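Asker: Fold the following for me, if possible:
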Amino acid sequence: MSDLEPRPEEALCESSGRPGPRAEFFPAREVPLGGVRGVTVFRSLPQRDLPTVGAWCFLDHFDGGSPANPEGHDIDPHPHIGLQTVTWPLDGRIRHRDSVGSDVEIAPGQLNLMTSGRGIAHSEYRVPGHISGHGLQLWVALPDESRGIAPHFEQHRDLPEFTLPGLHGVVLMGSLGGVTSPARAYTPIVGADLRLEAGAAVTLPLNPDFEHAVLVIEGGLSVDDTDVAPGSLFYLGSDRESLRLHDATGGAHLLLLGGEPFGEDLVMWWNFVARSHEEIEQARNDWEKHDVGRFADIAGHTPDQRIPAPPLPGLHLKPRKRRCGVPHE
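Answerer: Numbering: from 1, shown residues only. As a prediction, this is how the structure comes out:
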């Protein structure tokens, strides 16, 4: 997926250590991506005071098509560097094509994982007859030693599942509930789709070395006695060995993200995750001059379909400090 904002804000992320337990809400912001697509998303990451959760650095929730395009939206060819894209559809089917030759369809319950390395381009188109406007798009920042790897793509159609009394989980990346996803991660992280039964009260074991956050997709629940509803990312910090989850609305659907706090400074802008303004500028220039050595063409697309890069902001991008409020008591 592309960040299609015509004037994307820079997200400047300074590394941090373990934050300790927290209990802080970060409301998602509604982002109208504009253009003929009429796409609007709800963005939970990055936040000004919470740029990352582990290596997770981007989280968009696509909540249905527009009245003009009820079956969803087509995303034309666009570039990425320095990250992995994680696509988790909640309905419909999406066709993914990229510059390393992938051409696949993805349906709910399946995971697309694209690792950009030094550079990749891809597109995502709706499959005719399948409404595909609801799902999650996430990015994972690659650590410095992996940023220059060859770009590659993997699709996982049979992800590991686990159950606890009243809870069903699917592990997208990392390990949880005694099972491990086959999706390749380059830092210690976890991502899981969780569903609580009506009235369920569950204690979910966690890795205390990780920081975690919860996004409620549907329904409502209490998390360690704090009520959490859709619309905000609930940041939990680190040093928690478990979470108490209690359904409050007749069944709840949520996403759990976590990972070791990312120990590197990041500069994020448009579809790029880098370490400096100069790296961002070079990637933008390579895309704009159609450098096929870095961003190869995608079979089935013509050059005029490529999404042009927006102008860089009129400032030199520098890292900023994360601020996450006060520890949870």
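
Asker: pLDDT averaged over stretch 54-61, what's the number?
Answerer: Averaging pLDDT along stretch 54-61 yields 96.

Asker: Alpha carbons only: can I get it in CSV?
Answerer: Extracted as CSV, the C-alpha positions of stretch 54-61 are listed here (Å, rounded to 0.1, in the frame of the first residue of the first chain):
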residue,chain,number,x,y,z
GLY,A,54,8.9,-2.2,18.4
ALA,A,55,9.8,-2.0,14.7
TRP,A,56,6.2,-1.4,13.7
CYS,A,57,6.2,2.1,12.3
PHE,A,58,3.0,2.5,10.3
LEU,A,59,-0.6,1.3,10.8
ASP,A,60,-3.6,2.2,8.6
HIS,A,61,-7.1,0.9,9.0
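
Asker: can you map out the strands along the stretch 51-200 of the chain?
Answerer: For the stretch 51-200 of the chain, the strands defined by DSSP state E, counting those that start in this stretch occupy 56-63, 75-80, 83-89, 94-98, 103-106, 111-115, 120-126, 134-141, 152-156, 161-164, 167-173, 175-176, 179-180, 189-196.

Asker: Identify whichever of these lies nearest to residue 281.
Answerer: strand 75-80 (13.5 Å; Cβ to Cβ). C-beta coordinates here come from the backbone N, C-alpha and C atoms, glycine included.

Asker: which outside residues touch that closest one?
Answerer: Contact partners of strand 75-80, identified using Cβ atoms under 8 Å, 6 or more residues apart in numbering, comprise 1-2, 4, 37, 114, 116, 119-125, 271-272, 283, 286-287, 295, 298, 301, 305-307, 309.

Asker: Tell me what angle it forms with strand 111-115.
Answerer: 40 degrees (axes from the mean of the first three to the mean of the last three Cα atoms, to 10 degrees).

Asker: Please compute how far strand 75-80 lies from its chain's middle.
Answerer: 16 Å (Cα atoms, centre = their mean, to the nearest Å).

Asker: Report the buried residues of it.
Answerer: Neighbour counts over strand 75-80 (16 or more other Cβ atoms under 10 Å) mark 75-80 as buried.

Asker: Would you mind writing the CA trace of it as CSV?
Answerer: Listed next in CSV are the C-alpha coordinates belonging to strand 75-80 (Å, rounded to 0.1, in the frame of the first residue of the first chain):
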residue,chain,number,x,y,z
ILE,A,75,-3.4,1.7,-5.7
ASP,A,76,-1.1,2.3,-8.7
PRO,A,77,2.7,1.5,-8.8
HIS,A,78,4.7,3.2,-6.1
PRO,A,79,8.1,2.7,-4.4
HIS,A,80,9.3,1.6,-0.9
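
Asker: Tell me which strands that strand pairs with, and in which orientation.
Answerer: If you go by DSSP bridges, strand 75-80 pairs up with strand 120-126 (antiparallel).

Asker: quick one: average confidence on the partner strand?
Answerer: 94.

Asker: contacts for that strand?
Answerer: Taking Cβ under 8 Å, 6+ apart as the rule, strand 120-126 contacts 1, 71-81, 85, 87, 92-100, 102, 114, 132, 151, 287, 295-298, 301, 305-306.

Asker: Return the member of the buried residues of strand 75-80 nearest to residue 246.
Answerer: For these, the nearest to residue 246 is residue 75 (37.5 Å; Cβ to Cβ).

Asker: how near is the residue lying closest to the closest one once chain neighbours are set aside to residue 89?
Answerer: In this structure, residue 75 finds its nearest non-sequential neighbour in residue 124, 4.5 Å apart by Cβ to Cβ, 6 or more residues apart in numbering. Residue 124 sits at a distance of 10 Å from residue 89 (criterion: Cβ to Cβ, to the nearest Å).

Asker: same deal with residue 143?
Answerer: Here residue 143 is placed at a distance of 27 Å from residue 89 (Cβ to Cβ).

Asker: Counting neighbours, go ahead and name the busier of those two.
Answerer: Taking neighbours as other Cβ atoms under 10 Å, residue 143 and residue 89 compare with residue 89 leading, 24 against 14.

Asker: these two touch, right, that one and residue 107?
Answerer: Yes: Residue 89 lies in contact with residue 107 (Cβ atoms under 8 Å); the separation is 6.8 Å.

Asker: which stretches of the stretch 51-200 of the chain aren't confidently modelled?
Answerer: Counting by pLDDT under 70, the stretch 51-200 of the chain shows low-confidence ranges at 63-72, 131-133.

Asker: what's the nearest residue to the residue nearest the centre of the chain if we skip its chain neighbours?
Answerer: Closest residue to the average C-alpha location of the chain: residue 138 at 1.2 Å, with Cα atoms, centre = their mean. When the adjacent residues along the chain are set aside, residue 138 lies closest to residue 86, with 4.1 Å between them (Cβ to Cβ, 6+ apart).

Asker: Look at that neighbour and say how many residues are nearby.
Answerer: 23.

Asker: List the beta-bridge partners for it.
Answerer: residue 113, residue 138.
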